[in-house]
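S.K.: sequence unknown, structure follows:
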C-alpha cells in the first residue's frame, strides 16, 4: 500500500521554498549519474540499459530542476509526463523567464524516477499551478549567481551588471553563461528565507511567459524521433500479450490449453501470473519471440476461468444500487453541511428536485497501454509512459517482492493519457512476466485488451434539490452523488474527511461544491461499493466535475425555468461573491465575481438573447474546473440544431471564455482548451459504454464511437487577460460543454435531457413529454 505522511502538503510535489538552495559547479559525470541521461526523449533516444559515460566538462547545476553546460545549453529537468499538453515547454519557459536564458538554447530532459523528485504525478491540472513560483525562484536564483560570478570575471561591480538572453552585460563588456560555467567558480547557497525574498519579474517585464514561442517538444513529434512507451526496446527482449479474465477481481485460472498456439512460429509459452499485489488476478501471459507471434498465439490459447462475483453485474445494477444508496441519508460524507437545510425546505414556497445520471466512459487513448520490464543487477527497470510514477512504484515492489529502491520507472512520452496512465497497473504484468521467464518482456495490449483492462469513469447517479422562499429567492440546495471512487480504489491515503470524520473521494464530488450562493447548502458524496468491487474506477479527464457539473449546470437551467427567469440572469443573481464564495488569495482572488465575468463575456460573444433559427438554440453553462482552491473560471455557450425527424443533435459552435490567471504558454493553453472542449462534445453526444456481465460492452472503435472530424463544431475560445495566479488548463474546458449542449437542446426544441451521453431516443422522449413532436 502506498502511504503518505499525514500532512496534506505531502500529497503535492515538494516546494523549493521549504529548503535551502545550493549552487555549485560539478562534473558532467556526477550530473549524469544524478539525472540519468538515458531518457532524453526530445533527442529521440531509446532508453539504454547502461548509463552514459562520464565527461569532464563543468556544469552549473543550480538545482535539481535545471543545469547549464559550458556551451550555454540550459537543460530543464521535467518530472511531469508529456502527453500532448506541452508541459515541458510550459515549465521550461517558467525557468527560462527568470533565468534570462536564450530560448534557442533551452532543452528538455524528462527524468526517470528518483526520490529526489518528490511526488511524481501529472494530473488534476496541477502542473503549472504548483510550479510557477518554485521554478521562477529557481531560475531567478540561478540568474543572480551567474550575474555575481560574471561580474567577478568581467571585473565590474555586480550593481552595474544585468543578464539578458544567456549573457551577462556590464559597462560595455559581456560574458556568456557558458563561459561563466567554463571559467568561473560558481558557489552560492540560498536559505529558504532568501529564496522567498527574491523579487520576481512583474508581468510587464516578462519576455517569455505569455508570449508565443516554439514548443520544444514539437520537432521530435513531427519528424518521428520522439520516443513513446510503445517504442521502447532493449536487447534480447521477448513479447507478451495478455489473456484477460472475465472479471477485474476474483477471477482464477482453471486451465490453459496452448495446443493450437504451439503451431505459431516464435511462440514460447503461456502461464498464469502469480501476483502478490493483487493487481492482475487471473491473468495469463502469452510469450513469444516477436510481437506478431504473441498476437497470433494469444488468439489460439484457450483459457478457462472461474469468474469473480462481478460476472453477473450490469450497468443498470450499478445505477439501481446508487439510487438506493442516495435514498439512505445516513450513507456517505457531507462535504458541505450548512445548518438550516431542512428548515429551508420545510418553509419553501417552491421546491424543485431532479435526478441526473451518467454512463461508464472509457479513456480510449491513442496508444494502448504497454510496458517493458528488465532486471539488471538486482534492479528492475520498467519502461512505460506513466502519469503517476509514485503510485505504481510501491505496487511494483510488492508484486516483485523487492524493496522499492530496486525498482526504477523510465520515462517516455505518452500517446495519450487522459487519466488512464495515472493508474500504472499495466506495468505489473510485464514485470511479473519478465520475472517468470528470466528475460526482458515487453507487453503490448491490443485495443480490445486495453478497453477491457481500462479503469473507466464510473457511472453516476445524482439527486439535486432546491428550495425557494416566499420572495422567490433561493433558500437552500442539496446535491447528492453516488459513483465509484477511484481514489478509494487506488490510493486511500488521498481520501478527505468531512467534519464528522467520514471519508470521501474529493475527485468524485468536486464541482458540487460550486460558487453559487444558494442559502443553506448540503453536498453529500456516497461511494458506490458495487461499482468499486466490479471494476477499478479510474480518473478520467475532468474526473468528478465530469458528472457533478453536468448535474449542477443542467439543474441551474431547470431552476431558472421554474423561477421563470432567464438562465444567464438566474446564474448571475447567485454569483454574489460573498461568504465562502468571495474567494481568497492567492489562487481564487475575486471568487464568484470572476465566474460571473466569464459568463457575461461568453454570453456577449454568442449573442445571448437574440432570435435563433427554428430548432436551433443556445445553452449556457459554467465551471470552476476541478478544485475550489485552484479555480479556472470557465463559461461556455453551445449553439445546437436538432433534427426533429431523427432527433439527432448537431453542435454548430462552441463559445468559451476562460480566466486561468496569467497564461504561461498561450499556444499550449489554447490547445488544451480546444482539446478539452472537443472531449466534452465527445462525451456528451458520442461516447459512453455499459457494463454487461462484469465487463464493458464496447471494446473497439466499431461500437465505441468518439467524436469524428465531420462532427467537430466551430470553436471560439477567448482567454481573459489577467496577471492573477496561473491555474490549470487540462480539465476545466471539458466540464462546461455537456450541460451547455443539454441546455441548448431544451432551448431549441423544449426537450430536457438528464443522462449522459445524450442519445436521440432521449431527445425524442423529451419531445414526447413536452408535446413538441
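M.R.: Sure thing, it's come through. Keep in mind the model is a prediction, meaning the values are calculated, not measured.
S.K.: in the stretch 601-750 of the chain, which spans are helices?
M.R.: Counting by DSSP state H, counting those that start in this stretch, the stretch 601-750 of the chain has these helices, from start to end: 666-681, 732-735, 737-749.
S.K.: quick one: buried residues of the longest one?
M.R.: The one in question is helix 666-681. 667-681 (16 or more other Cβ atoms under 10 Å). In short, each C-beta sits where N, CA and C put it, glycine included.
S.K.: What of the last one?
M.R.: Buried positions in helix 737-749, judged by neighbour count with 16+ other Cβ under 10 Å: 737-749.
S.K.: Not counting its neighbours along the chain, what's nearest the spatially most central residue of the chain?
M.R.: Taking Cα atoms, centre = their mean, the centroid of the chain lies closest to residue 123, which sits 3.4 Å from it. With sequence-adjacent residues excluded and distances taken as Cβ to Cβ, 6 or more residues apart in numbering, residue 123 is closest to residue 422, at 5.2 Å.
S.K.: From residue 506, how far out is that neighbour?
M.R.: From residue 422 across to residue 506, the span is 15 Å (Cβ to Cβ, to the nearest Å).
S.K.: Comparing the two, which residue is more hemmed in?
M.R.: Taking neighbours as other Cβ atoms under 10 Å, residue 422 and residue 506 compare with residue 422 leading, 25 against 20.
S.K.: what are the phi and psi angles of that one?
M.R.: phi -70, psi -30 (degrees, to the nearest 10).
S.K.: Give me the pLDDT value at it.
M.R.: At residue 422, the predicted lDDT confidence score is 97.
S.K.: Now do the contacts for it.
M.R.: Taking Cβ atoms under 8 Å, 6 or more residues apart in numbering, we find residue 422 in contact with 121, 123, 387-388, 391, 538-539.
S.K.: Next step: these restricted to helices.
M.R.: residue 391 (DSSP state H).
S.K.: Residue 235: which of the contacts of residue 422 is nearest?
M.R.: residue 387 (28.0 Å; Cβ to Cβ).
S.K.: quick one: the closest one and residue 738, what's the gap?
M.R.: Taking Cβ to Cβ, one finds residue 387 at 24 Å from residue 738.
S.K.: which one's the longest helix in the protein?
M.R.: Under DSSP H, the chain gives helix 127-154 as its longest helix.
S.K.: The residue lying closest to residue 581 once chain neighbours are set aside - how many residues pack around it?
M.R.: Nearest residue to residue 581, sequence neighbours excluded (Cβ to Cβ, 6+ apart): residue 592, at 4.4 Å. Applying other Cβ under 10 Å, we find 28 residues neighbouring residue 592.
S.K.: what's the pLDDT at residue 592?
M.R.: For residue 592, the predicted pLDDT is 98.
S.K.: so what's it up against?
M.R.: Residue 592 neighbours (Cβ under 8 Å, 6+ apart): 515-517, 575-577, 581-583.
S.K.: Nearest to residue 178 among the residues you listed?
M.R.: Among those, and counting by Cβ to Cβ, the member closest to residue 178 is residue 583, at 45.2 Å.
S.K.: Could you check how far that closest one is from residue 686?
M.R.: In this view, residue 583 and residue 686 are 36 Å apart by Cβ to Cβ.
S.K.: And for residue 596?
M.R.: Separation of residue 596 from residue 686 (Cβ to Cβ): 32 Å.
S.K.: Who has more neighbours out of the two?
M.R.: Higher neighbour count among residue 596 and residue 686: residue 596, with 22 against 16, using other Cβ under 10 Å.
S.K.: and the gap between the closest residue to that one other than its chain neighbours and residue 139?
M.R.: What sits nearest to residue 596 in space, not counting adjacent residues and going by Cβ to Cβ, 6+ apart, is residue 575, at 4.1 Å. According to Cβ to Cβ, residue 575 and residue 139 sit 37 Å apart.
S.K.: Kindly report the same for residue 156.
M.R.: Distance of residue 156 to residue 139, given as Cβ to Cβ: 23 Å.
S.K.: quick one, which of those two is more surrounded?
M.R.: Just comparing residue 156 and residue 139: by other Cβ under 10 Å the higher neighbour count belongs to residue 139, 29 against 19.
S.K.: Max pairwise distance over the contacts of residue 422: which two?
M.R.: Across the contacts of residue 422 (Cβ to Cβ), the longest gap, 14.3 Å, separates 121 and 538.
S.K.: number of nearby residues for the spatially closest residue to residue 728 that is not a sequence neighbour?
M.R.: Distance criterion Cβ to Cβ, 6+ apart; nearest residue to residue 728, sequence neighbours excluded, is residue 125 at 2.4 Å. Look at residue 125: counted by other Cβ under 10 Å, it has 26 neighbours.
S.K.: same check, this time on residue 563
M.R.: 18.
S.K.: so who does it touch?
M.R.: Residue 563 touches 350, 468, 472, 570, counting by Cβ under 8 Å, 6+ apart.
S.K.: and the second one, what does it touch?
M.R.: Okay, so that is residue 468. 348-352, 474-475, 562-563 are the contacts of residue 468 under Cβ under 8 Å, 6+ apart.
S.K.: Drop the exposed ones from those residues and show what's left.
M.R.: Going by neighbour count (16+ other Cβ under 10 Å), the contacts of residue 468 have 348, 352, 474-475, 563 buried.
S.K.: What about these, which are in helices?
M.R.: residue 563.
S.K.: hey, where'd the strands end up in the stretch 651-773 of the chain?
M.R.: 691-692, 695-696, 714-719, 755-756 (DSSP state E, counting those that start in this stretch).
S.K.: try the stretch 101-250 of the chain
M.R.: 106-110, 161-164, 167-170, 173-176, 187-190, 238-243.
S.K.: What ranges in the stretch 1-150 of the chain fall below the confidence cut-off?
M.R.: Low-confidence segments of the stretch 1-150 of the chain, defined by pLDDT under 70: 1-63.
S.K.: can you rerun that using 90?
M.R.: Across the stretch 1-150 of the chain, the ranges flagged by pLDDT under 90 are 1-65, 116-118, 124.
S.K.: And the chain, by the same measure?
M.R.: By pLDDT under 90, the weakly predicted segments of the chain are 1-65, 116-118, 124, 184-195, 626, 766-773.
S.K.: Give the residue farthest from the middle of it.
M.R.: Largest centre distance within the chain, by Cα atoms, centre = their mean: residue 155, 49.8 Å.
S.K.: quick one: stretch 116-125 to chain centroid distance?
M.R.: 11 Å (Cα atoms, centre = their mean, to the nearest Å).
S.K.: for stretch 243-262, same thing?
M.R.: So, by Cα atoms, centre = their mean, the centroid of stretch 243-262 is 33 Å from its chain's centroid.
S.K.: what about it, start to end distance?
M.R.: 16 Å (Cα to Cα, to the nearest Å).
S.K.: Can you point out the buried residues in it?
M.R.: By neighbour count on 16+ other Cβ under 10 Å, the buried set for stretch 243-262 is 243-251, 253, 256, 258, 261.
S.K.: closest to residue 728 among those residues?
M.R.: residue 248 (30.1 Å).
S.K.: State the distance from the closest one to residue 729.
M.R.: 32 Å.
S.K.: Then residue 539?
M.R.: Relative to residue 729, and taking Cβ to Cβ, residue 539 is found at 17 Å.
S.K.: what about residue 357, neighbour count?
M.R.: 17.
S.K.: Can you give the strand pairings for whatever helix or strand it lives in, parallel or anti for each?
M.R.: Per DSSP states H and E, residue 357 falls inside strand 350-358. Strand 350-358 pairs in its sheet with strand 460-468 (antiparallel), strand 755-756 (parallel), by DSSP bridges.
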